[in-house]
Each structure stands twice: as C-alpha cells, then as structure tokens.
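1. can you look at this prediction? I've put the sequence above it.
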Amino acid sequence: MYPRHIEEFEGVREITLSLSCPEAARIILGKKNPVHFLSYEKPGEEDYGDFDLFFYSQLVDARESILKMLQDRSLSIHHRMALALAISHDMQAHVDRREMFSCEDIPKKYESETARKYTKERLEAFEKDETGRFEFAQKTFQYLYRLELLKENWLYVLMDADKLLYGGLASVYEDSVKSDAEQKGNAIQKDNAIQKGNPAQKGGEEQSEEDMDQLRYFVNLQEFELWKQEHMPDWDIMLEQMLVYFVFTYFCGAVYDGRIQAKMQVCVYSVYIIEEILRARWLENEKTLSMEEVVELTYRYSREVEHSDQNPERLEHFMEKNPWIRVKK
C-alpha cells in the first residue's frame, strides 16, 4: 500500500497517491497517458458545520476545467501553466469582491482563442525579460532556505543547485530573522562549483559577476532544452503529471481559506522548482540525467514541502507577495 494524501470536504474524501513516495513518484512520472480520477459512493455522512458547499462546487468545476486545460498537449506546457494562473487570478478577484456566482464563467473564458492569445503574449513578454526572469528565479529558489528543513541533507541539495544555477547564494534577503538553514547557506563562499574564468567583454566594458551569472544561466537553460528534446522527449508530459497531481491535491483546499490564487501559484512554483533542481543535477553530472534521479529529486522535494505543516502555508504567503506571471484580462 503506497502512502496516500487525503483531503476532506463535506460528503467527499479525496485520496491520491503521494508524490513523496519513491514508487508512487515513479508511477506518476512514468505515466504517458493523461491522468483520470476514479470515484465511488459509500453510505454514511459527516457533519462539516459551516462548510461552504456552493464555493466548493465552484472550485471543483474550475479544477475540472483547469485539469482538462493542463492536459491539452496541443499547447506548450508553459502556456498551460500561464492559463491555470490566469484562471486562478480572475477567480480570486471575483471572490475578493464577493462575486462568487460569476466564478463559473471564468474557466470558459480562457477556452476562447482571444484569451489564450492574450495569455501567450503575456507569457512571451515575461520570457523575453531575461533580467527579470533571472532575478525572479533566484529569489523564488532562495526562498526555499526559509522553509522548515526536515532532512539536513536536503539543504546541501539546495545549496549545490543554487551555486550551479545562479552562481552563488544571495547575501541579502527580504524580511527579518533568517532560519538556521539560511545562515548555513550564507556561509558558503562564492568560489563555487562553477569556474568563473575571465569576465566577458561587452561593448568594450567588463561585465559584472552578476551579468556573467545571468548569461551562464540562460546558456545552460538553452542547452538543457536541447538535451531534453534528444534524451527525454517526454519531459513535458512529466511536468504535466506533476501539475495535475498538485492541482488536484491542493486547489480545492481554497474552500477553507479562500486563497485560490496562492494555491495555484504554489502548484506551478513546485513544478518549476523541481525542474530547476533537476537542471542543476544535470549540470553537476556534466550534462546528463537519469530517470532515477528525476524520480529521486521529485519525491525528495515533495517530502520537504508536503510533509511539513508549515511549508505549504509559508509558500502560499510568499507567492501572494511574489506572484508568478501576472496574467489578467
């Protein structure tokens, strides 16, 4: 019996395999066909007090539409992510204005060619801003040091990835007291696993170390994309399966706190961070990566985040303040 993740709602108990289990992760990531969910009824009922059944039904319907969109392989995986973020953004705006009755129309809006084109344009604008992307990537990755650390060796996975991807650890963090993991991270020297070499010349001037880190980041990113196409052509299907897992598991939990957008942001964030960690391992391995390593790093991330009572909440608060692409119509 594999570990299960259980979510309780009025009249509904949702049970999924947990991505934190190595064998479950292998099953989820190895599946090529779109995921389907089974349901059955059994007698009995439980009292959930003031449970908002109408809001829950809105979330369930929206989740069904989002999952269908996430499994639309005619769209790029990043376009699908952007559409899911856009739907959650608009739903959050309606809920905040107490216009919940109109939430049901939002997913349908993003099935239109006009809305999809607009969302794609916003995504492309974000992708073209390399400085903004690099700063966002670095900031969101380094927030992992603020999370509760469950296994100390996970800290070293993060620090190695940080050095390989971004050139080192940030010296300044927003907010107040740093965690123990963060303090350890800041103790690492900048002379790291990436050999810096001589600074490149651009326009007759030396580029800064930060510029070189950014340049290296995108060169490695392009090489990784080419490597995936040749050696792991089903990579985007794996990302799809991760997204479906996180969205199905966590999205409807917004019925208890109303944080629709934050939950979707964390779903996308988790898939993005897992891919960044995998790319770092690819670099560490001299640009190769095995499926076993994909499974290992995925379930280890899941354990660190999902097995903590604090970490999902912390990530939601962080993503509320630092949202992914703001895609709105």
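-> Received it, and whenever you're ready, just let me know what you need. Numbering: from 1, shown residues only.
2. gap between the biggest helix by length in the chain and the chain center?
-> If each helix of the chain is counted by residues according to DSSP state H, the longest one is helix 260-284. Centre-to-centre, helix 260-284 and its host chain are 4 Å apart (CA atoms, centre = their mean, to the nearest Å).
3. pull out the buried residues from it.
-> Across helix 260-284, burial judged by 16 or more other CB atoms under 10 Å covers 260-284. Quick note: C-beta positions are derived from backbone N, CA and C, even for glycine.
4. and after it, which helix or strand comes next?
-> The helix or strand immediately downstream of helix 260-284 is helix 291-306, counting by DSSP states H and E.
5. identify all contacting residues around that following helix.
-> If you take CB atoms under 8 Å, 6 or more residues apart in numbering as the criterion, helix 291-306 is touched by 5, 18-22, 24-26, 29-30, 147, 149-151, 154, 157, 232, 238, 242, 270, 273-274, 277-278, 281, 285, 311-312, 315.
6. ok and that helix relative to helix 260-284, angle-wise?
-> Interaxial angle, helix 291-306 versus helix 260-284 (axes from the mean of the first three to the mean of the last three CA atoms, to 10 degrees): 140 degrees.
7. can you classify residue 225 by secondary structure?
-> helix (DSSP: H, G, I helix; E, B strand; the rest coil).
8. if I look at it, how far off is residue 151?
-> Applying CB to CB, to the nearest Å, the value for residue 225 to residue 151 is 30 Å.
9. now do residue 22
-> 14 Å.
10. for these two, indicate the residue with more neighbours.
-> Regarding residue 22 and residue 151, a neighbour count based on other CB atoms under 10 Å identifies residue 22 as having more, with 17 against 12.
11. just give the closest residue to the more buried one, not the sequence neighbours.
-> Take residue 22 and drop its neighbours on the chain: the residue closest to it by CB to CB, 6 or more residues apart in numbering is residue 299, 5.2 Å away.
12. was I right to think residue 134 contacts residue 217?
-> Yes. If you go by CB atoms under 8 Å, residue 134 and residue 217 touch, sitting 5.6 Å apart.
13. what's the overlap in contacts for these two?
-> Shared between the contact lists of residue 134 and residue 217 (criterion: CB under 8 Å, 6+ apart) are residues residue 166.
14. narrow the contacts of helix 291-306 to those in strands?
-> Judged by DSSP state E, strands contain the following of those: residue 5.
15. buried ones from the contacts of helix 291-306, can you make that a PyMOL selection?
-> Buried members of the contacts of helix 291-306, defined by 16+ other CB under 10 Å, are picked up in PyMOL with:
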select buried, resi 5+18+19+20+21+22+24+25+26+29+147+149+154+157+232+238+242+270+273+274+277+278+281+311+312+315
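16. before we move on, the earlier item: now the longest helix of the chain: mean pLDDT?
-> If you average the pLDDT over helix 260-284, you get 98.
17. please name every helix or strand in contact with it.
-> In terms of contacts (3 or more CB pairs under 8 Å, 6 or more residues apart in numbering; DSSP states H and E), helix 260-284 is packed against helix 77-96, helix 130-142, helix 152-166, helix 209-231, helix 235-250, helix 291-306, helix 311-321.
18. returning to what we had before: now do the residue nearest to residue 22 against residue 20, distance only.
-> Taking CB to CB as the measure, residue 299 falls 5 Å from residue 20.
19. contact partners for the closest residue to residue 269 other than its chain neighbours?
-> Residue nearest to residue 269 in three dimensions, not counting chain neighbours: residue 319, with 5.9 Å by CB to CB, 6+ apart. The contact partners of residue 319, taken as CB under 8 Å, 6+ apart, are 262, 265-266, 269.
20. and residue 319, how far from residue 94?
-> Using CB to CB, we find residue 319 at a distance of 19 Å from residue 94.
21. next: residue 304.
-> For residue 304, the distance to residue 94 (CB to CB) stands at 33 Å.
22. looking at those two, which is more packed in?
-> For residue 304 and residue 94, the more surrounded residue by other CB under 10 Å is residue 304, and the numbers stand at 21 against 18.
23. confidence score at the more buried one?
-> Per-residue pLDDT puts residue 304 at 97.
24. follow-up on the earlier one: output the contacts of residue 319 as TSV; include the columns distance to residue 293.
-> Below are the contacts of residue 319 laid out as TSV (distance: CB to CB, whole Å):
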residue	distance to residue 293
262	30
265	27
266	24
269	21
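25. just curious, which of these is nearest to residue 89?
-> Top of the list for closeness to residue 89, among those and by CB to CB, is residue 265 at 9.1 Å.
26. and residue 51, that one's in a helix?
-> No. With three-state DSSP as the criterion, residue 51 is located in coil rather than a helix.
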